[in-house]
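**Student:** Below is the sequence, then the predicted model.
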Amino acid sequence: MAFDDGQGKIVRVKNNAPSSADLIFMVVAPLTAIRGTVKLTQSDGDLSAHIRMGETILSTGHIPTHSLASYTAAADPMVGHGWLSEIIFTLLYRLGGLPLLSVVTGIVVGLTHGMIALFLRRRGADPRWAFLAALLSLSLASTHWLTRPHMFSIVATALTLVLLESNPRYRQLLFIPLYVIWANLHGGWLYGLMMIGAFIAGELLEALVATEKRGEWLRRAQRDGVAFVLAAAATLANPFGISLHKEVFSAVTSSTLANNMAEFLAPNFQNTDQWSFLLAILMTVVLFSYTTRRPPLPWLLLIVMSLFFALRSFRNIALFGVSAWPLIALHAAQAWPKGKRAFPLFTEFARLDPNARIGVLAVPVTALMLALGLNHGKIGSLTVIPDHFSPKAFPTVAVDRARDAGLDGRVFDAWAWGGYIMYAWPAARLHVDPLKFNAVTMRSYSLVEDMRPGWQHELDRWNVKTVIVNSNSPLAKGLELEPRWKIWYRDSLATVFRPASANDPSALPRT
């Protein structure tokens, strides 16, 4: 609502209607935490491994420099680039178990995409378009929204975009705390520096082609150049110094990771969960073809850079969703022909949103969600969020029996279960530690897992005494036919094999 104060000045009165940002948050945060809890925390065993690492850091006061469990990468020095994330996850786990971890992840997801809606609104986008664009951003980022350290990189990427597109006084200084924290949470800070670099390059190009605003573009390039230097310097404030940078660059440029790890592979548009990225690409083509002017070159370079990385690696689609897509949506909102902008639906929402109080719903929803998480996912006797590792996702019974029986020797473990086994069976020496592996680990694992010629010799080479694999896997069926191995335990999910010559305490097989 707006009125004239009698002196010719228009005064806008805030209303208590939910803003587009609040609506995004109040829908996304609870649904992500409650309906998506197993996906968030148990898509693989990485969260379990991070909790094990966090417990070790808190109990010893030191960040481990070598793998806690792997025998295939035991000699390699380890740079724990997610050490601060691991401490955060462990403290949350101590306070509220898996439910609190799910709740905090849901809140982070809701805040991130609510912030994108707010960013678009404050840059002049129609509230309805801001709402829809933020939802598509969520769909893109959901490909990698998991309770793992990289979730903080998704948030920090969105914050970097907001800072690049804002003009507060001394805003360059804000990059310092952001990148100090980011460098200790996850290695994705390199992408943030590349975002700033893309803006600088685009601003310099604009200065070259500008006829009237060359000075303004040069000032922007200088301003962002300072931001880049400050952000880059801030990443050195970590326990590992320049070794962190070497580790991150090594991971980014590793052909072994790019060719063998599923999340590092290029998108496959035959998978339905990647159709939102295909839709975003097609929408970008359509939106840009109808706009009345080209996007600013800083935006265009960032969009092209982000698209390149997303097409190169599936895990980067989430970063595209919170960096490039908001700029695409904002350009469409600003450059769409005015005569074609009329949209007769939800007009009351569009009228109320500009003066809505931000947080009118987000704050109470956050408080209720945190209360649920701190109560371990329960409301009275009703369990809303389960506080246990799912026996459908992990070999919980098999690992418990192997641990309690004190099975000795090295373990060949299914890759996705490695982190869980690290957590649930701390004494086990594993083939795969998801937090520290190398090319030897991957080659050896794929040789055995795919049962290529020599796979039996590979188990002998590493002196493996226990194999824990999916009961329906080809490897399980192959080991059943091997006279040197016997089934020690089996259920519908996992089978534990031991050497036929081993004199082990028996476990009651369960089918």
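**Tutor:** Ah, there it is.
**Student:** what residue is smack in the middle of the chain?
**Tutor:** Nearest residue to the geometric centre of the chain (CA atoms, centre = their mean): Met151, 3.3 Å.
**Student:** Please, which helix or strand holds that one?
**Tutor:** helix 150-164 (DSSP states H and E).
**Student:** Could you pull out the strands in the protein for me?
**Tutor:** Applying DSSP state E to the chain gives strands spanning 2-4, 10-12, 378-379, 382-383, 410-413, 464-470, 485-490, 494-499.
**Student:** residues in contact with the third one?
**Tutor:** If you take CB atoms under 8 Å, 6 or more residues apart in numbering as the criterion, strand 378-379 is touched by 99, 372, 384, 387. (Each C-beta comes from the backbone N, C-alpha and C, glycine too.)
**Student:** which residues does the residue nearest to the centre of the chain contact?
**Tutor:** Counted by CB under 8 Å, 6+ apart, Met151 has contacts 105, 108-109, 145.
**Student:** could I have stretch 411-428 exported to PDB, CA atoms only?
**Tutor:** Presented in PDB, the C-alpha positions along stretch 411-428 are these (Å, rounded to 0.1, in the frame of the first residue of the first chain):
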ATOM      1  CA  VAL A 411      37.800 -55.300   4.100                       C
ATOM      2  CA  PHE A 412      36.800 -54.800   0.500                       C
ATOM      3  CA  ASP A 413      33.700 -52.600   0.700                       C
ATOM      4  CA  ALA A 414      31.100 -51.300  -1.800                       C
ATOM      5  CA  TRP A 415      32.100 -47.700  -2.700                       C
ATOM      6  CA  ALA A 416      28.800 -46.100  -1.600                       C
ATOM      7  CA  TRP A 417      29.000 -47.900   1.800                       C
ATOM      8  CA  GLY A 418      32.600 -47.000   2.600                       C
ATOM      9  CA  GLY A 419      31.700 -43.900   4.700                       C
ATOM     10  CA  TYR A 420      29.000 -45.700   6.600                       C
ATOM     11  CA  ILE A 421      31.300 -48.600   7.500                       C
ATOM     12  CA  MET A 422      34.000 -46.100   8.600                       C
ATOM     13  CA  TYR A 423      31.500 -44.600  11.000                       C
ATOM     14  CA  ALA A 424      29.800 -47.800  12.200                       C
ATOM     15  CA  TRP A 425      32.900 -50.000  12.400                       C
ATOM     16  CA  PRO A 426      35.800 -47.700  13.200                       C
ATOM     17  CA  ALA A 427      38.400 -50.500  13.600                       C
ATOM     18  CA  ALA A 428      37.900 -51.700  10.000                       C
END
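**Student:** buried sites along that stretch?
**Tutor:** Across stretch 411-428, burial judged by 16 or more other CB atoms under 10 Å covers 411-425, 428.
**Student:** Could you point out which of those residues is nearest to Val155?
**Tutor:** Gly419 (22.3 Å; CB to CB).
**Student:** Check whether that closest one really touches Ser48, as I assumed.
**Tutor:** Yes. If you go by CB atoms under 8 Å, Gly419 and Ser48 touch, sitting 4.3 Å apart.
**Student:** Among the contacts of Met151, which pair sits farthest apart?
**Tutor:** Most distant of the contacts of Met151, by CB to CB, are Val108 and Trp145, 8.5 Å apart.
**Student:** higher neighbour count, these two?
**Tutor:** Trp145 (25 against 19; other CB atoms under 10 Å).
**Student:** Verify the stated contact: that one with Thr105.
**Tutor:** Yes. Using CB under 8 Å, Trp145 is in contact with Thr105, at 7.3 Å.
**Student:** Now do the shared contacts for the two.
**Tutor:** 32, 40, 151.
**Student:** Same list, those residues, but as CSV with pLDDT please.
**Tutor:** Converted to CSV, these look like this (pLDDT from 0 to 100):
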residue, pLDDT
Thr32, 92
Leu40, 88
Met151, 95
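**Student:** Tell me how far Ser446 lies from Ala73.
**Tutor:** As for Ser446, its distance to Ala73 is 15 Å (criterion: CB to CB, to the nearest Å).
**Student:** So between those two, which is more surrounded?
**Tutor:** The residue with more neighbours, out of Ser446 and Ala73, is Ala73; 22 against 13, by other CB under 10 Å.
**Student:** which non-adjacent residue is nearest that one?
**Tutor:** Asn438 (4.7 Å; CB to CB, 6 or more residues apart in numbering).
**Student:** Now for the one you found: which residues touch it?
**Tutor:** Asn438 neighbours (CB under 8 Å, 6+ apart): 72-73, 76.
**Student:** give the contact list for Ser43.
**Tutor:** Leu146.
**Student:** and the nearest residue to Leu185 once chain neighbours are set aside, how many neighbours?
**Tutor:** The shortest distance from Leu185 to any non-neighbouring residue, by CB to CB, 6+ apart, is to Phe152 (4.2 Å). Per other CB under 10 Å, the neighbour tally for Phe152 reads 21.
**Student:** And for Ala333?
**Tutor:** 20.
**Student:** thinking it is in contact with Gly124, fair?
**Tutor:** Yes. Ala333 is in contact with Gly124 according to CB under 8 Å; the separation is 6.7 Å.
**Student:** Point out where the chain drops to low pLDDT.
**Tutor:** For the chain, the stretches with pLDDT under 70 are 1-13, 15-16, 256-264, 337-343, 345-346, 349-350, 352-353, 506-511.
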